[in-house]
Structures are given as structure tokens and as C-alpha cells.
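Undergrad: Sequence and computational prediction follow.
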Amino acid sequence: MGRLLADHLRKRADFLRAQKGVRRSAAGLTLEICATPQPAAQDGHIRVGFTASRKVGGAVERNRAKRRLRAAAQAILTEQGIERTDYVLVARTATLTRPYDELLKDLAQILAAAHVKLASQTAKLAALAQEGAGDGDDAKRSDVRG
RNA sequence: UCAGAUGGCUGGAUGGCCGCUUGCGAACGUGGCUGCGUGGGGUGUACUCCGCGCAAAGCGCGUUGGUGAGAGGAAAGUCCGGGCUCCACGGAAACACGGUGACGGAUAACAUCCGCCGGGGGUAACCCCAGGGAAAGCGCCACAGAAAUUAUACCGCCCGUCUGCGCUGCAUGUUGCAGCUAUGCCGGGGCAAGCCUUGGAAAGGGCCUGCUGCGGCGGAGCCCGAAGGGGCGAAGACGAGUAAGGUUGAAAAGGUGCGGUAAGAGCGCACCGCGGGUCUGGCAACAGAAUCGGCAUGGCAAGCCCCACCGGGAGCAAGACCAAAUAGGGACGGCACGUAAUCCGUUUCCGGAUAGCCGUCCGGGUAGGUCGCGAGAGGCAGUCGGUAACGGCUGUCCCAGAGGAAUGGUCAUCUAUCCGCCUUCGGGCGGGGGACAGAACCCGGCUUAGAGGCCGUCUGACGCA
RNA sequence: UGGGGGAUCGUCUAACGGUAGGACUGCAGACUCUGACUCUGCCUAUCAAGGUUCGAAUCCUUGUCCCCCAG
């Protein structure tokens, strides 16, 4: 499996879409993923975004947190990511102080969990689409939130 | 040596692995622009539109590897001043609003900086000050206090005139009577101080003075005078003088002393303070000197205000260019209609406009993209002018340009330094480990945050020579 | 990033530069057999630091935090 090419997320709408997708968090960071929407999807590409709110600290702390997340994403996501997927890494207060190898472990662990959830969700959606308009209301109610 | 004052510089180092942005030149790819050739259309040259092919010279894009560069003194807060851009505007002035405020200079400009003056603090080095005007006007000065701004109403002091001489009760026409009390006299008591008595001390006794209160007499101004009357004292009323004093207050009308006066007063004098003009020094703010005035002007302008000076407004999300989808606009042509509907021209005739569909073209403009955007009030070195801020000249260098936002992630070693233990006081071992903080158009300042480290200069105290 | 506004008891709000007041809440007491209502009393605050002033919540400067607008 070759390395994937990572593009950066730049639009606020992309971040909001990922926020509504699958979310998993660990001590060092929070991960939000969703499928890349159609016009932007490209084979062999994933898209990655980084977020650090003002809870993390001032500008120095936030930039440093994003740099650590960016280094971790370069190490993990290009190897273990799934193409045509958006990833958003959210910094937490512990992102600054967590040892680097622990941070890598956190990311790999929640990445796997999020992938499982995302796969089941897309499978359900596909099944629903095949079932047709029979009782779509029920399915929507149980599933859309994830 | 200790304690301080002040100015400048710096803001961890090295290496391994993996990354980001960008400049330069190279290779490869692409074929967008350009170039060359060619076909067709508008319209024959020119010009222009659509298409095809070639090339690799230039511009551009992508990949690879090479090489160079890549956060700060505050990049921060956004408190001032400018550049730059757009908008408005004939010039200038005035008004309004906002800002600044000793003086001289520096500067593109400033609320900044330098020098100097004045005031305050400190033994000193040195530090701090929004530091114009309160005799242009308005306003405010709570409480307290006689009085808070025209100073004079009040208390008090002093002079004059007049009334008039304790209180209570009863009667009453003036007035009288009774009682009580103060001052006064006599007697004795208590307390305190002094003297004598004693060789000395204590106790006791005596004398005198003062205070206190008891009993009695006397009894309303007191003194002089035989009397009329005069003088003194105290009270009240009225009139005049006075601003010395009046418990307050943050602040009280020049201060202190002597003289002077009925009492007082800058009423007079000396010193200090204040003010006016003059002279001297200084560009000036201002300082000094003698002189005159006897003193007038309480504070607050970071209250309104007055004076002088400055300011057109908005801000790189400014602004410029390219420009999809969708919706809508305009022009032209065609179809439908041109019978009908609505509106306008008063009405008929007649003329014009609007409403439908299709095609072509045009412009505005959103998403998005590109530019603005890094050679500058630039850095460094030298030299000259200037007390300095700063300026002139010469040489040299090119020194960040991102856009969910690069300038790093991680590991190791060292090091300033901190903590603990040991110590032969030389040091050794173990652990922690860099303060504040991240460019967002640029520049000059200010303010705020902040561990340390280095280099000067100066002051005071102590010690030694 | 730029522009504008604000901060007063636990909460909502007043206060010409002169004792920070009111309402609700809380606590205690009274009333009641008990609770509610009512009455009485108490507690509690000027965002922070400087400056002007005799005196600052108010005026000025600096900082902190919050809100709104442009996008």
C-alpha cells in the first residue's frame, strides 16, 4: 500500500461537515472523520484539517499543538488512512504535554475505531438506499446522528 | 566590600532522523499563454473569432534532486503619528466636533525624543510632573463652621447715649408688704500648704493663709458726700468704630516680631512672601538686582469654558484585475401578437411603451482566483557637523512573505541556572530545565508582559595605602 | 483583522464629584397547630492598578474580561 497524498482542509464548511461525522477522542486529541464529498474526492488522496480552540492557550500554544498534530498525521494518516476521506484533528489541553509516542498511539487507536464506525455507517446508508422509500423515516431517525 | 542610580547589548548551543514556505539555477513532464505554419467565418488588406498541427526560445504549471534564506524586543495591546489605497472636495477662512498644551530644537509626523526652565522627592548619583489661562464669564466647594467669595450678617472687643439695679409670692393708682438667696459680719468644724514647738524624724499642739460647707445676724448694687449729687461695677436697648480673636474645615483673605491704638487694623517699621513697571543675563521659557506698591488675586479647567496650535472621511476584509453555476438586467434578430389587455398624449383617428418564447451578443457582479506584498523615512561600518536627539557624505549588504495561516516535530548531548545529598570546601553525584511570547500591508513611537546573562558610567557608606 | 459598546450585592437594576439605594434571593425572629402569605431585622457589591481632586462608582490613563458590527 503506497503512501496517500494529504491535502489540507481550508473551508469552514468542510470542518462543520466533519464535526457531524464520526468522532472519537483520546487523552491527547479528538478525531473527526467523514467521507470526502463528491466534487473534491480524488483517488489516492485524503484531506486533513487541524483545529485548536482558545481553550488550549494563546497563539503560541495553539500553533505548537497544531504542529504536533501535523507531525503525527504525517506519520500515521498517510500510512493507515483510507482514501476519499476527510480527517479533522482537534487539539486538547493535553496535546501539548503528552509524550510524542503516546500521542501516536492515541491517534492510531482512535483512527481504527473511527474507521470501523464509518464503514458500518456507510454500509447502512447503502442498504437503505437499496431498500427504497419503504420505511425511510425510521431509518433516518435512528441513523443520521451516527 | 556593601548599598544604590543609570545606559547599552543579548534573549541558550550542537548533532541525528522526518517535515513546511520561498528565492535561484538544472533535468523531466505538460501544452495554458506566447511564437510559427495552416483551414474556415466576420468583410478584400489590417484586425478579430473558431479549429488543427509543429516547436521548445520566452512566460507559466507539476515532479525530482541541488543550493541559499526563513519570527520579536516586545512580532502583543491597538493608545498615538505617518506612508499607501479609495471616496468627497474650486481656493481660503470661519463655525461645530475631537485632540495637544512651559520654552527652544530634532523629525515625514507625533501625545515621541533631546536640551533647558519651573515645581516636587532623595544625603547623593538621580527620579517624578496633562507644566497655558481662575483680575473674560458660568458652575461647584457635601458635613462642620460666625462665615466657603460682593466677605460681612453673628459672637466678641471698644466708645457714646438711654434705661435700670437679685428672685418669688400677695395686694395695688404711684408703690408697699412678706419670704428666700448672693456679696458682707460673727462663731465653731473639716481639708491642704507654710511657719513655730523638737537634738532629728514621726505623731501631737499652736499661729497664719486658702478652699469647703454648717449655725446665727443682716439683707439688695458698691464707694464718696450732711444732702442735692458724683464716681465705680454689672445687665439690657440703640448708635458708631474694629477685623486682633471666635474650638470648624482640605481650604478662612498676606505670615512672624516690635511699635501703635479707646479697641484695633500694613496704621508704621524689620525680615519673609506677593504684585507692577525698569535694568542686567538668556533666542526663549525664566533667573538675578535695585526700586515702587503696602497687599489687591481662596481652590477646582483629567467641570463648562477662554487662548494658541493641529486634524476632510474611511480603512489592505482599502483597492485593482480575471471570472464558473444560478437568478436577474440591457441590446439586436426571429417567431407569436400586431384583432385583444393596461398606461400616456382630453376624446375619435393615429402614435408610443409594457407583458410571451427562442437565438446571438454585452455589461454589472457572487463563489473562487491573481495582484496589492516586500529596495525600505532599510540594515551595518567609517567619517564629518551638533552638548544631544539627529543630520550630511562615503562604502557595503539584500535581510520572512504565510493565507484553517509556513518559519517546525522528535530524540540525544552540552550549558547558564535551580533543588536535594555528600564534601578533604577544590568539588562530586542524582533530579528538574529555559521568561514573556508567534509576523498577517508597511514604518516611527508609546504602553503593557517578562526569567536570566554580559559590558560600561556614576553616587553614598565603610576599610586599606 | 478592523470598528464600536460595556463591567455596581448571589440575580436584576438606581445613584448633580459628597453616607453606594431598591427589588428578588439567603439567614434569623414574629404571626400560625404546621406550611404559604404578611411584618420586622440582618448579611452581601462599585472589574484591577495608578493619577487629578479636600474627597472618585462617577473624571483621566493603563491593563483584564465580556458583548455587538463588518466578513
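TA: Noted; the coordinates are in hand.
Undergrad: Excluding sequence neighbours, find me the nearest residue to A:Asp86.
TA: A:Arg47 (4.7 Å; Cβ to Cβ, 6 or more residues apart in numbering). Any C-beta I mention is one placed from the backbone N, CA and C, and that applies to glycine too.
Undergrad: what about the top helix by length along chain A, near RNA strand B?
TA: The residue-count maximum for a helix in chain A (DSSP state H) belongs to helix A:100-131. Yes: contact of helix A:100-131 with RNA strand B (Cβ under 7 Å from any atom of the strand) involves A:Tyr100, A:Asp101.
Undergrad: List the buried residues for that helix?
TA: Residues of helix A:100-131 classed as buried by neighbour count (16 or more other Cβ atoms under 10 Å): A:103-108, A:110-111, A:114-115, A:117-118, A:121, A:128.
Undergrad: give me the element the residue nearest to A:Asp86 is part of.
TA: strand A:45-51 (DSSP states H and E).
Undergrad: If you count neighbours, what's buried in the helix or strand following that strand?
TA: Following strand A:45-51 in sequence order, the next helix or strand is helix A:59-80 (DSSP H and E). In terms of neighbour count (16+ other Cβ under 10 Å), helix A:59-80 has its buried residues at A:Glu61, A:Arg62, A:Arg64, A:Ala65, A:Lys66, A:Arg68, A:Leu69, A:Ala72, A:Ala73, A:Ile76, A:Leu77.
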